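*Asks:* here's a sequence, model it:
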Amino acid sequence: MMRVANRSVAFWLSSTALHSVSAFRTPLRNKSFSSTTALSMSTVRVALCQLPVTDDTEKNHQTATTFIENAVEQGAELVVLPEIWNSPYATAAFPAYAQDIEKGSSRLLLQNLATKHKLWLVGGSIPERTADGKIYNTSLVFNPQGKLVAKHRKVHLFDIDVPGGITFFESDTLSPGETVSYFSTPWGNMGLGICYDIRFAEYAMLLTQKHDCKVLLYPGAFNMTTGPAHWELLQRARAVDNQCFVLTASPARVVETESTAKKPYPHYTAWGHSTAVSPWGEVIATTDETPGIVMADLDLEKVEEMRTSIPIRNQRRTDLYDLSQVKKE
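*Replies:* Below is the predicted model:
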């Protein structure tokens, strides 16, 4: 059974806010959300798609299409896919699945779906291969006209060795990105990171302080060691630090079986729990590890209310410390 967050904190909660989870079963849509529901000009309806990922790219494309179409039926204006949604999450698999970001099948699918449904589509991330042979963990964002408005290559690579937990080194295969990524929407600027990027407070602060982002988006695939310990904690911390909404989209958890154990690369078990967090640091919508769509209405006016009521942005001691972006766009 999926968990539905429904917490009422009067300060940030819009009178039209709805918080729910739509399970990936028949019927897929959640009756609490309708494409005919009227939203204020400052409110955006978001859908976080928690997809079950396989080693079959075409099957993953079909799954993503189904989820996106069902999110649109529920009135989603901005849809977020998870990290590495079109291939297995394994360093040994990335070279085989990496695509040309300009004309690869996954990019074309995302662009076509954004155009067809006239929505903002944050395409999670996919393994990208460049002309010089480098491979990146890359997120693409398309606007309702199908224009690519942001491309983020994961800046901080997931290289960890937790005794008794997990050992994983993305740098065995991937190269790090070099940009601080954000894009402009009718509701305000939104910042983009991928998974491990969420651990770095400075990156989030650059997005909100230097680029005035009101929403931070992190497609991610935390694991069974770091997920239960840090996934929600980091989202709430980034939301409170920056007085903004934080959205995460994870793959659904696929448990290792006898058949997956025979594959030529290690099986990766994702934590799941795609989540939306308010500027107050409250979880306003989430789910468990199973496939589903997390829906939430975000009133971006609440960001400014929060920043005015607790004005930490104006109270920073820049005579003692400051934040700067070393590498410009």
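
*Asks:* got a list of what residue 263 touches?
*Replies:* Shown in contact with residue 263 (CB atoms under 8 Å, 6 or more residues apart in numbering): 55, 88. C-beta: built from backbone N, CA, C; applies to glycine.

*Asks:* which residue is nearest the middle of this structure?
*Replies:* Centroid check for the chain by CA atoms, centre = their mean gives residue 219 as the closest residue, at 2.7 Å.

*Asks:* show me the contacts for that residue.
*Replies:* Taking CB under 8 Å, 6+ apart as the criterion, residue 219 is in contact with 80-83, 85, 122, 124-125, 139, 194-195, 248-250.

*Asks:* and with 7 Å instead?
*Replies:* Contacts for residue 219 were tallied using CB atoms under 7 Å, 6 or more residues apart in numbering; they are 80-83, 122, 124-125, 139, 194-195, 249.

*Asks:* low pLDDT regions in this protein?
*Replies:* Scanning the chain for pLDDT under 70 picks out the ranges 1-38, 258-261, 328-329.

*Asks:* residue ranges of the helices in the chain, please?
*Replies:* Taking DSSP state H as the test, the helices found in the chain are 57-73, 94-97, 105-117, 201-205, 226-242, 301-309, 312-315.

*Asks:* indicate which one of these is closest to residue 186.
*Replies:* helix 301-309 (13.2 Å; CB to CB).

*Asks:* list the buried residues in that closest one.
*Replies:* 301-303, 306-307 (16 or more other CB atoms under 10 Å).

*Asks:* just send those residues back as a markdown table, with distance to residue 291 too.
*Replies:* A markdown table is the format used below for these (distance: CB to CB, whole Å):
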| residue | distance to residue 291 |
| --- | --- |
| 301 | 33 |
| 302 | 30 |
| 303 | 30 |
| 306 | 33 |
| 307 | 36 |
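
*Asks:* of the residues you listed, which is the nearest to residue 295?
*Replies:* Taking CB to CB as the measure, residue 295 lies nearest residue 302 of the buried residues of helix 301-309, at 17.4 Å.

*Asks:* pretty sure the closest one sits against residue 279.
*Replies:* Yes: using CB atoms under 7 Å, residue 302 is in contact with residue 279, at 6.1 Å.

*Asks:* returning to that earlier point: now the contacts of residue 219 in JSON lines, with neighbour count?
*Replies:* Shown next, in JSON lines, are the contacts of residue 219 (neighbours: other CB atoms under 10 Å):
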{"residue": "80", "neighbour count": "28"}
{"residue": "81", "neighbour count": "29"}
{"residue": "82", "neighbour count": "27"}
{"residue": "83", "neighbour count": "26"}
{"residue": "122", "neighbour count": "28"}
{"residue": "124", "neighbour count": "30"}
{"residue": "125", "neighbour count": "29"}
{"residue": "139", "neighbour count": "29"}
{"residue": "194", "neighbour count": "28"}
{"residue": "195", "neighbour count": "26"}
{"residue": "249", "neighbour count": "29"}
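
*Asks:* reformat these as JSON lines; add distance to residue 273.
*Replies:* Formatted as JSON lines, these follow (distance: CB to CB, whole Å):
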{"residue": "80", "distance to residue 273": "14"}
{"residue": "81", "distance to residue 273": "16"}
{"residue": "82", "distance to residue 273": "11"}
{"residue": "83", "distance to residue 273": "13"}
{"residue": "122", "distance to residue 273": "18"}
{"residue": "124", "distance to residue 273": "15"}
{"residue": "125", "distance to residue 273": "18"}
{"residue": "139", "distance to residue 273": "19"}
{"residue": "194", "distance to residue 273": "17"}
{"residue": "195", "distance to residue 273": "13"}
{"residue": "249", "distance to residue 273": "10"}
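
*Asks:* restricted to strands, list those residues.
*Replies:* Members of the contacts of residue 219 lying in strands (criterion: DSSP state E): 80, 122, 139, 249.

*Asks:* distance-wise, check the second one relative to residue 78.
*Replies:* Yep, that's residue 122 we're talking about. Per CB to CB, to the nearest Å, residue 122 is found 7 Å from residue 78.
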